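Colleague: mind folding the following:
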Amino acid sequence: IRSSPLQAEHIIEIPTEHRVDRKERSQVGGESEALLTLKTFLQSRGSGYASGISSPNSSWSTCSRLSPYLTWGHISLRYVSQSVRTKQAELKAKKKKLNGNLSNSGPWLRSLSAFISRLHWRSHFIQKLESEPEMEKQDLCLAYQHLRRQPGDWNESYYQAWSSGKTGYPFVDACMRCLLCHGWLNFRMRAMLVSFATYNLWLDWKRIAPHLARVFLDYEPGIHYPQLQMQAGTSGINAMRVYNVTKQGKDQDPNGK
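Modeller: Just a heads-up that it's a prediction; the model follows:
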């Protein structure tokens, strides 16, 4: 079974209003901004990384927010990794000096360990696309090639509602509108958006990929395509991940912020 190529009508021209930067974005580019973002993460924000990563509210500040700078080459992965390792060593040395009585070292060390782990996963997925570039065009598990691609499967009105944040599901719409406005959203909510599109709306991951690539300020192909397939359940090696969007809203944003 071979993948059918994308047709011309599937490649939509970028709308005129999206050909310039979005004024609402809170992040701007440049090495100085990247270094400042890393500095604030290691000085204060990073202590809540492990506990705050899942919520779109807390993750806004507890996540490193370095992904756009890594993607665009404004800061190197090596520099980030070495800076985190230095911070870990400092914390461990202080804890040892105080005979383990450094009260705030626990959250910091857990958070930095979790962050380093995700840096490893980032490199893993980038390497995965380089090793298997066909995953941009076809399902990793070829047995799934027919899914969501039968006559009548594609629903343009569903796609338009999803991509504009007007599905009627408040939490889904809030997450998409956040992306449209700011270009950034935490990982769990990105995964939920893909899950909702591919399972609930039964949309083809290949045809939602360009929209997400455009709105992600930190779009990285090596992460984009492996994760799309993982969340759409077409990799053949990962468990199906179907997010209950109502439960996610109650768990991650109970007050509807």
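Colleague: point out where the protein drops to low pLDDT.
Modeller: In the predicted model, the chain carries pLDDT under 70 at residues 1-23, 99-104.
Colleague: now the residue most central in space within it: how far from residue 224?
Modeller: When CA atoms, centre = their mean is applied to the chain, the residue found nearest the centroid is residue 187 (3.8 Å). Distance of residue 187 to residue 224, computed by CB to CB, to the nearest Å: 12 Å. Every residue, glycine included, has its C-beta placed from N, CA and C.
Colleague: re the thing from before, excluding chain neighbours, what is closest to the residue nearest to the centre of the chain?
Modeller: For residue 187, ignoring the flanking residues on the chain, the nearest one in space by CB to CB, 6 or more residues apart in numbering is residue 53 at 7.4 Å.
Colleague: pretty sure that neighbour sits against residue 64.
Modeller: No. Taking contacts as CB atoms under 8 Å, residue 53 lies outside contact range of residue 64: 9.9 Å.
Colleague: out of those two, which sits in the busier spot?
Modeller: Per other CB atoms under 10 Å, whichever of residue 53 and residue 64 has more neighbours is residue 64, with 23 against 19.
Colleague: go through stretch 52-60 and flag the buried ones.
Modeller: 52, 53, 54, 55, 56, 58, 59, 60 (16 or more other CB atoms under 10 Å).
Colleague: endpoints of that stretch, how far apart?
Modeller: End-to-end distance for stretch 52-60, by CA to CA, to the nearest Å: 9 Å.
Colleague: list of residues touching that stretch?
Modeller: 48, 51, 61-63, 114, 174-175, 178, 185-189, 252-253, 257 (CB atoms under 8 Å, 6 or more residues apart in numbering).
Colleague: out of those residues, which end up buried?
Modeller: Judged by 16+ other CB under 10 Å, buried ones among these: 48, 62, 63, 174, 175, 178, 185, 186, 188, 189, 252, 253.
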